[in-house]
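Novice: Sequence first, predicted model second:
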Amino acid sequence: MFTAQDSASGFLRRAGVACAAICLLCSPVRSQGPAVRSQPTKPRPEGTTTESMMASRPSKTAPELTAADLETFLDGLMPLQIQHADIAGAVVAVVKDGKLLFARGYGYADYEKKIAVSPDNTLFRPGSISKLFTWTAVMQQVEQGKLDLDRDVNDYLDFKIPPAFDKPITLRAVMTHRSGFEETAKDLFVGSEKDLTPISQYVMAHLPARIFPPGTTPAYSNYATTLAGYIVQRVSGQPFNDYVDEHIFKPLGMAHATFRQPLPESLKPMMSSGYGLASEGRKPYEYVEAAPAGSVAASAEAMSHFMIAHLQNGRYGDVQILKQETAQQMHARQDGWPAPMNAMALGFYEESQNGHRIIGHAGDTEYFHSDLHLILDSNIGFFVSYNSAGRDEIFPRTVLFDKFMDRYFPRTSGDEAALPTAAEDARSVAGPYEISRRFDTNILAITTLLGETKIVADPKDNTIFLPDSKGLDGQPTHYREVDSHLFRAVNGHEKIAFVKDTAGRQVAYIDFPFMVFQRVDAISDRKAVNLFILGASLGVIVLTLLLWPVGAMIRRHYGKPLALNPEARRLRMLTHITCFLFVAFGLGLVGITKMGEEPGGLSEAVDKWIHLLQVVGVLSGIGALVATYNSFKSWKDGEQWFWNKVWNTLLACGCVGFFWFIYHWHLLNFILNY
């Protein structure tokens, strides 16, 4: 349910990497992001789309989009994807001109029992695509005059979001993922049905910190979407699940779709199993606590009804779930994004390419990975869902849709020539960046550090690239400057635009408009600096513990007792205990991370262990003071060996460095709202 490009496990994997770094010595300044000021742009000709500025209309020689041609195309590609990535099964549905053009299942809904995927009767978990139903419900209430997109959401709640930045959060800010909340993970998924709580309880108990002024910085938020679902529940007077059943699923004939958890008895036999890898066996059913943000289970056939309704501006058959003008308002590009880049609509986001305006949404649970695309100017909808994470580094669904677009709507223009300023501009935007969708004030802030992205300027061709962002060939994708601070993938359609916010901070806008990357200006927040401090600190601490018994054995062998006065002996012992505390902290962090990787692991059940670990961290901090005092005293002790004094100083620096790291990244934040 997290969205395109990041599942729940993504954050945990980053935390896992952090723990590994701690134990082994080493996937949008930490300040509020002000409103974005984009570079000056030329006005667009009337009627042009974002992508049409970058490419001409599709070639007339492209194959016609027919059921027969789709069958040939997908039957050749999908089985290969499934086998190569060790995926159990997938489903694809394509609608055109108000009708279902093609729907087919591939592989297995139950890999062990060899039950084939059915587009009509197999339920998949489309994750964050669920949000589109929540946004549709919001717009229905806007139609009825019960909600105002530009009114303070506190007016619709029975609790208050504390003020910040002298600006209220509105539903427009929520629907464009500019609520300003930091990321949340706790209780997003829970371990079992009995752990589920009402929406009201979730939104009150998990209110995140506000780190950006509302309406400014895109930062995807599952919490904010859940808040919108709760608002629908309050103003409509119906429980959220009942509301969606009555006003969306039933009118659209979506008999095989539900937000309900656990599944209704009639739908349980239809549910596909979820897998990490097909060869590793099925995983438990995933319970989503933040239900309006991602709990839907639906068949591809049911999802086709929803796509048709939005492609026809709210109409499906004789039913109108939204007025035409409301649907058009929902699909319209919102202000605040650089003109050449994809922008948020209201809930949908633009993903235009090859000369066509496309809106859609992606969705991820731990095991299900899905995409929904609406090609508005061609009246075509595309839905795909995989029931396995798979082993590919490149998302299969992204490859699939790119191939679909290149086949039926190919880009006819060639790559643009680089600008004369390419070399200078590439150097000016290079550096470390952090994502706006991040943990900023809580114990998971360390994942922001480990998720730091580096943009590199290549002097050979004056392009830029991200070392960890690779194409199908396994090589980093290079981007060439084609307009002022606008870079486009060489031989591709992906774009990056760089702008300066009002504080002068460099911001990178990408094709996914629900988040941005902000340059890391503070030296203390840079990954390389932090890993050096962490590695050097732990190196000294661990080496001290390893050499402690070795030194004792050497002294015993040569009959050289430790020549320290009683006070120095006590300080030495306390310093060694401090080293043990730091190592225990690192090992404990690994253990808690492993607990968090289990279904529902990020919950209150783990809080007591986190607090215990934090007590160890506080004691380590006190020990760092002892180590510093020991170093100071040793230099005044004329009896101690010179190199012993040097090592005491290094150890004091190591203890202080380690404690600074865990304090700076909020690992000692005893308020466990993350």
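Specialist: Looks like it arrived, so ask away.

Novice: what sits up against the host helix or strand of Arg104?
Specialist: Applying DSSP states H and E as the criterion places Arg104 in strand 99-110. Strand 99-110 is contacted from outside by 65-67, 70-71, 74-75, 78-79, 82, 87-95, 114-120, 122, 271-273, 278, 282, 300-301, 304, 308, 387, using C-beta atoms under 8 Å, 6 or more residues apart in numbering. From N, CA and C alone the C-beta is placed, and that goes for glycine too.

Novice: Tell me which entries of those lie within helices.
Specialist: Mapping the contacts of strand 99-110 onto helices (DSSP state H) picks out 67, 70-71, 74-75, 78-79, 82, 300-301, 304, 308.

Novice: how about those in a markdown table, adding distance to Leu400 and neighbour count?
Specialist: Converted to a markdown table, the ones in helices among the contacts of strand 99-110 look like this (distance: C-beta to C-beta, whole Å; neighbours: other C-beta atoms under 10 Å):
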| residue | distance to Leu400 | neighbour count |
| --- | --- | --- |
| Ala67 | 17 | 14 |
| Leu70 | 12 | 21 |
| Glu71 | 15 | 12 |
| Leu74 | 8 | 21 |
| Asp75 | 13 | 12 |
| Met78 | 8 | 23 |
| Pro79 | 12 | 13 |
| Ile82 | 11 | 22 |
| Ala300 | 14 | 29 |
| Glu301 | 19 | 22 |
| Ser304 | 17 | 24 |
| Ile308 | 21 | 22 |
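
Novice: Go through those residues and say which is closest to Lys636.
Specialist: Ile82 (70.4 Å; C-beta to C-beta).

Novice: how near is the closest one to Lys323?
Specialist: 41 Å (C-beta to C-beta, to the nearest Å).

Novice: what does Val203 give?
Specialist: Going from Val203 to Lys323 by C-beta to C-beta gives 29 Å.

Novice: next one: Trp548
Specialist: 76 Å.

Novice: about what we covered before: between Val203 and Lys323, point out the one with more neighbours.
Specialist: Val203 (23 against 15; other C-beta atoms under 10 Å).

Novice: Would you mind pulling the contact partners of the helix or strand that contains Ile464?
Specialist: Taking DSSP H and E as the criterion, Ile464 maps to strand 463-470. Applying C-beta under 8 Å, 6+ apart, the contact partners of strand 463-470 are 27, 393-394, 418, 422, 426, 429-430, 453-458, 476-481, 487, 490, 496.

Novice: tell me the secondary structure for Leu625?
Specialist: Secondary structure assignment for Leu625 (DSSP: H, G, I helix; E, B strand; the rest coil): helix.

Novice: May I have the residues that are in contact with it?
Specialist: Neighbours of Leu625 in contact, by C-beta under 8 Å, 6+ apart: none.

Novice: run the last query once more with 10 Å
Specialist: Contacts of Leu625 were listed using C-beta atoms under 10 Å, 6 or more residues apart in numbering, and they are 578, 652, 655-656, 659.

Novice: Quick check: the gap between it and Ala345.
Specialist: On the measure of C-beta to C-beta, Leu625 and Ala345 end up 54 Å apart.

Novice: Next: Thr628.
Specialist: From Thr628 to Ala345 the distance is 56 Å (C-beta to C-beta).

Novice: can you check Phe661 too?
Specialist: 41 Å.

Novice: swap in Asp402?
Specialist: Asp402 is 21 Å from Ala345, by C-beta to C-beta.

Novice: So for those two, which sits in the more crowded spot?
Specialist: For the pair Asp402 and Ala345, the greater number of neighbours falls to Ala345 (20 against 16), based on other C-beta under 10 Å.

Novice: From what I see, the more buried one and Met139 are in contact.
Specialist: No: using C-beta atoms under 10 Å, Ala345 is not in contact with Met139, being 11.1 Å away.

Novice: what residues are shared contacts of these two?
Specialist: 175, 329-330.

Novice: Which among those residues count as buried?
Specialist: With burial judged by 16 or more other C-beta atoms under 10 Å, the buried subset of the shared contacts of Ala345 and Met139 is 175, 329-330.

Novice: can you tell me which of those residues are in helices?
Specialist: Counted as lying in helices by DSSP H, out of these, are 175, 329-330.
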